[in-house]
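Trainee: Please find the sequence and the predicted model below.
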Number of protein chains: 2
Amino acid sequence: MKETFSHIILVLVSFNLVLSCVCEESCDLGPLAQEIASYDSVVKRIIDYTVSGPFKGKTYDELAKFVDKFGARPSGTEVLEKSIDYMIDLTREEGLNDIVTEELDVPRWERGEEKVTMLEPRVKDIAVLGLGRSASTPAEGITGEVIVLNNFDDLESTPDEKVAGKIVLYDPVFTTYGETNKYRTQGATKASAKGAIASLVRSITPFSINTPHTGSQTYGDGVVPIPTAAISIEDADLIARIHARGEKVVLHIKMFSTLETKVSRNTLIDLKGSKNPEKLVIVSGHIDSWDVGQGAMDDGGGLFISWAAPVILKRLNLIPKRTVRAIFWTAEELGLIGAYAYEKKHRHESDNINFIMESDEGTFAPLGLAVGGSKKARCIVGEVLKLFKSINASTLVEEDSPGSDIAVFTGNGIPGASLHNDNAKYFWFHHTEGDTMNVEDPDELDLGAAFWTAVAYIIADLSEDIPR
Amino acid sequence: MKETFSHIILVLVSFNLVLSCVCEESCDLGPLAQEIASYDSVVKRIIDYTVSGPFKGKTYDELAKFVDKFGARPSGTEVLEKSIDYMIDLTREEGLNDIVTEELDVPRWERGEEKVTMLEPRVKDIAVLGLGRSASTPAEGITGEVIVLNNFDDLESTPDEKVAGKIVLYDPVFTTYGETNKYRTQGATKASAKGAIASLVRSITPFSINTPHTGSQTYGDGVVPIPTAAISIEDADLIARIHARGEKVVLHIKMFSTLETKVSRNTLIDLKGSKNPEKLVIVSGHIDSWDVGQGAMDDGGGLFISWAAPVILKRLNLIPKRTVRAIFWTAEELGLIGAYAYEKKHRHESDNINFIMESDEGTFAPLGLAVGGSKKARCIVGEVLKLFKSINASTLVEEDSPGSDIAVFTGNGIPGASLHNDNAKYFWFHHTEGDTMNVEDPDELDLGAAFWTAVAYIIADLSEDIPR
């Protein structure tokens, strides 16, 4: 019987079915379960206020005004700093005045002209976006034959002399972001090590309308920094088909950029706790964006539901025991720069972070949370999530180190969660010109803001800390 | 009882449910029904050969080679003429030598630099594609305030002095192509008549990744030809939101193009009929494409299933009584120029067109045919379609004048049909850089080629003509 049961568990595990299961029987929270259940009316009040009451449509409208006013907000730009000032003013208008900004050095990688042209077997413009921190080509550009590789194993098994002097094109079919992304982040370094003169990657997306997707990459130590860019999946497949027919593909690449260091700011907005103000429940999103698109989805939505949390609580006069801190991270896109700076600056008081939340994978309809932390931490959060059955946001996904910015903290064992939402199309728009307000939906943002606010409130108000 | 029955019919009509119903009880085809049913084994033979036999994958592979070699094939270009020569060679390789080309004058509208920039309330590049035959701006471009209109009624009800000197933006939300398309084709003419200096239109599509969609338009007689372009739905919505907040939107538009007359060719490939070679069943698609994208979907797919029909019949030695003629229309995109030329040249023998077919709305999984013609014509075609239940392609949609090129003929009462296929995403890619081989699917093309070939064969071989 026991063995049979183990087998069932194993089968469940192998299909990832346990991801959304925090088994009640293994979570004996004692009186805390009762306490959590008692927040039912508060949850209803927050949802009603946000989804059908005075706050209805507000998150979308404010996000639209913000995005339409500033557009793209790349790290190290004046427009990013102005957008930070705007958010501070918007927050003060709500009577929230515990606002601090913390300066830090950030990279300013500025894209210049970028043009990739297929010269052989015929002349064709290739849809391209340089990757963050890419080196420039010489003024006249570079010309080279393409070698198409499906993965790093293909690269390793190809003799150096067949790669040297060539342009490497990685053409991995999208599976998951985590699995495919490495060809963008490490592709140039690995190709350069084998003597390639440039590195291109099939855009990291399952769907495209000839849409290139940018993203960050870094050169490994001691590696010649070769120019590197993403091309559309259509152009990658075109080149791969021609290559597979045994024809030679020659590209000309011209791409220019500059890299400087500038100063930016993390923004901290506190709704001070009534009993333990030094203890923090953090809600967060990043305010910087890529230079393409409008930064509406990545991460305007996450920014605004995190802004909404202290605002809605203040409006409803719901002051929890612990402080709810909204953080607008800066310079996420070029490597979580703001999060690392915050972690370093506040490391001495990191014990005070009770729970840290982030929304940076879309603000489509909320489904629940992806939670990192101890078993008991997940049990408590799972119990909280039960209160969101009315909006179908009760799913708990177990992740070792959820989030992008907050992975800097959750990776250190601080309990935290990222927003789990209905984001199947997220990577269609990610890091493209298509990251605009058209991706966002007013009703879904209302649900997201309500969910985010209520979860933060409950965790900040519980009689017990979330244990590490 | 009768009245009740009428009511049911009315309800069915009002839900368009009769579209796919060719009612057997109202189609007394007599012995012809039996004759049509006897083609069952031929249909199976063609499907087997094309979908799982020697032709499996051939339509996609040949289309890919063609599209990868030539790419975009705009009317009036050398590349279009070379692609026509290539198709003739490819056809001769199959032992089909009854090939005729017919010259005609076609427009060569060549797109130059195009740049639209929002200047107020902030500087932003607008994703744009000029519309076919658009006039150029002066070298320095034009600058103007935008007036946003949802439809022509809005234009009519706006006093001329509020339109004069402005840039009109039509921002109609996509419903159907037929309904929304008029803002692209007639927008400039109507705006110009009220004194606008340029006319922009929200791209005609239900979905976008900041993707502009080009298309044709013509200026009405006596109208000042103002520059006209499509912008992405995202940029149109951005401008509309800013406009709705009462803020002024100012754009700078630079767009240049040239318009010449060149010579191109319609291509006619005949598989001569065994008994009545003068009688024709025509299968067709257009070989020209827009200058953006690769013309894989519009209309490479239609071109290649029409090429496949005589090729597959020749390979299987299936020679019907009437001639099966494949026509590769030229210069469809700028106004069905090739089709009009053919109709004029062959008008004296138009009685010989027994049935005319066209695929120009995608070659996704075939579902059946959209059929124009008399009731009896539809009855016969509906009976033929019953033979395609095994591949789910038995649906008959009634249309008064199906097709784009062939509307020139079906509009005159010649019976004909366009391919009805699972093309819900067709307009996502239509007239964009995203019209590439990635839209095409080998298996769906096999099904389309098999269906197209078998339908053409049966209609060309029946003992009775399709009646007018």
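Mentor: Yep, that arrived.

Trainee: Give me the neighbour count for the closest residue to chain B within the stretch 301-450 of chain A.
Mentor: Relative to chain B, the nearest point of the stretch 301-450 of chain A is residue A:434 (3.3 Å; C-beta to the nearest C-beta). Using the backbone N, CA and C atoms, a C-beta is placed for each residue, glycine as well. Residue A:434 has 26 neighbouring residues, counting by other C-beta atoms under 10 Å in any protein chain shown.

Trainee: try residue A:278
Mentor: Residues near residue A:278, counting by other C-beta under 10 Å, number 11.

Trainee: give me every residue that touches it.
Mentor: A:323, A:349, A:352 (C-beta atoms under 8 Å, 6 or more residues apart in numbering or on different chains).

Trainee: per-residue confidence at the last one?
Mentor: Read it as residue A:352. What the model reports as pLDDT for residue A:352 is 98.

Trainee: How much space separates the residue nearest to residue A:268 when sequence neighbours are not counted from residue A:77?
Mentor: Excluding the flanking residues, the one nearest residue A:268 by C-beta to C-beta, 6 or more residues apart in numbering or on different chains is residue A:100, at 4.5 Å. Separation of residue A:100 from residue A:77 (C-beta to C-beta, to the nearest Å): 22 Å.

Trainee: More neighbours: these two, which one.
Mentor: residue A:77 (19 against 12).

Trainee: give me every residue that touches that one.
Mentor: A:108, A:262.

Trainee: Setting aside sequence neighbours, what's the nearest residue to the residue in the stretch 151-300 of chain A that chain B sits nearest to?
Mentor: With C-beta to the nearest C-beta as the measure, residue A:209 is the residue of the stretch 151-300 of chain A nearest to chain B, at 3.4 Å. The shortest distance from residue A:209 to any non-neighbouring residue, by C-beta to C-beta, 6+ apart, is to residue B:434 (3.4 Å).

Trainee: Now that neighbour: phi and psi?
Mentor: phi -90, psi 0 (degrees, to the nearest 10).

Trainee: do the same with residue A:398
Mentor: Dihedral angles (degrees, to the nearest 10) for residue A:398: phi -90, psi 120.

Trainee: now do the one 4 residues further on
Mentor: The main-chain torsion angles of residue A:402 are listed as degrees, to the nearest 10 and equal phi -70, psi 160.

Trainee: pLDDT value on it, please?
Mentor: 95.

Trainee: Could you state which residue of chain A sits nearest its centroid?
Mentor: Nearest to the mean C-alpha position of chain A, counting by C-alpha atoms, centre = their mean, stands residue A:360 at 3.6 Å.

Trainee: so what's it up against?
Mentor: Here residue A:360 is in contact with A:285-286, A:298-299, A:302, A:332, A:403-405, A:418 (C-beta under 8 Å, 6+ apart).

Trainee: okay if I get the residues you listed as CSV plus distance to chain B and secondary structure?
Mentor: Shown next, in CSV, are the contacts of residue A:360 (distance: C-beta to the nearest C-beta, whole Å; DSSP: H, G, I helix; E, B strand; the rest coil):
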residue, distance to chain B, secondary structure
A:285, 21, strand
A:286, 21, strand
A:298, 14, helix
A:299, 18, helix
A:302, 20, helix
A:332, 22, coil
A:403, 26, coil
A:404, 22, coil
A:405, 25, coil
A:418, 24, strand
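
Trainee: and the gap between the residue of the stretch 301-450 of chain A closest to chain B and residue B:130?
Mentor: 21 Å.

Trainee: Residue A:362: what's it in contact with?
Mentor: So residue A:362 contacts A:297-298, A:301, A:419, A:421, A:423, A:426, A:439 (C-beta under 8 Å, 6+ apart).

Trainee: Go again with 7 Å.
Mentor: By C-beta atoms under 7 Å, 6 or more residues apart in numbering or on different chains, the contact list for residue A:362 reads A:297, A:301, A:421, A:423, A:426.

Trainee: Now name the helix or strand holding the residue nearest to it when sequence neighbours are not counted.
Mentor: Distances taken as C-beta to C-beta, 6+ apart put residue A:423 closest to residue A:362, at 3.7 Å, once the chain neighbours are dropped. Under the criterion DSSP states H and E, no helix or strand holds residue A:423.

Trainee: now do residue A:341
Mentor: Taking DSSP H and E as the definition, one finds residue A:341 inside helix A:337-345.

Trainee: tell me which residues in that helix are buried?
Mentor: Using 16 or more other C-beta atoms under 10 Å in any protein chain shown as the test for burial, helix A:337-345 gives A:337-339, A:341-343.

Trainee: Sheet-wise, list the partners of the very next helix or strand once past that helix with their directions.
Mentor: Downstream of helix A:337-345, the next assigned helix or strand under DSSP H and E is strand A:353-358. Paired strands of strand A:353-358, with direction, are strand A:276-286 (parallel), strand A:416-421 (parallel) (DSSP bridges).

Trainee: export the shortest one as CSV, just CAs?
Mentor: Listed next in CSV are the C-alpha coordinates belonging to strand A:416-421 (Å, rounded to 0.1, in the frame of the first residue of the first chain):
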residue,chain,number,x,y,z
GLY,A,416,9.2,35.3,-1.5
ALA,A,417,7.0,34.9,-4.5
SER,A,418,6.5,36.1,-8.1
LEU,A,419,3.1,36.7,-9.6
HIS,A,420,1.8,33.5,-11.4
ASN,A,421,-0.4,34.7,-14.1
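
Trainee: Show me what the helix or strand following it is in contact with.
Mentor: As assigned by DSSP H and E, the chain's next helix or strand after strand A:416-421 is helix A:426-429. Under the contact criterion C-beta under 7 Å, 6+ apart, helix A:426-429 has outside partners A:177, A:204-207, A:297, A:361-362, A:435, A:439, B:209.

Trainee: Mind checking what helix or strand follows helix A:426-429 in sequence?
Mentor: helix A:442-461.

Trainee: Quick check: buried residues in that next one?
Mentor: Judged by neighbour count using 16+ other C-beta under 10 Å, the buried positions of helix A:442-461 are A:444-461.

Trainee: where does chain A come near chain B, residue by residue?
Mentor: A:64, A:68, A:71, A:122, A:124, A:127, A:208-211, A:233-234, A:237-238, A:241-242, A:428-429, A:432-434, A:436-438 (C-beta under 7 Å from any C-beta of the partner chain).

Trainee: For those residues, which ChimeraX command selects only the ones that are buried?
Mentor: Buried residues within the residues of chain A next to chain B, by 16+ other C-beta under 10 Å, are selected in ChimeraX with:
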select /A:64,68,71,124,127,208,209,210,211,233,234,237,238,241,242,428,429,432,433,434,436,437,438
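
Trainee: what helix or strand is residue A:105 on?
Mentor: Using DSSP H and E, the element containing residue A:105 is strand A:99-120.

Trainee: same question, residue A:396
Mentor: According to DSSP H and E, residue A:396 maps onto strand A:395-398.

Trainee: Counting by contacts, list what that strand packs against.
Mentor: strand A:366-372, helix A:375-385 (3 or more C-beta pairs under 7 Å, 6 or more residues apart in numbering or on different chains; DSSP states H and E).

Trainee: What average pLDDT does that strand get?
Mentor: So the average pLDDT for strand A:395-398 ends up being 98.

Trainee: Hmm, residue A:365 is touching residue A:443, no?
Mentor: No. Using C-beta atoms under 7 Å as the test, residue A:365 is too far from residue A:443 to be in contact (8.2 Å).

Trainee: part of a strand, is residue A:230?
Mentor: Yes. Counting by DSSP: H, G, I helix; E, B strand; the rest coil, residue A:230 is found in a strand.

Trainee: State the pLDDT value of it.
Mentor: 98.
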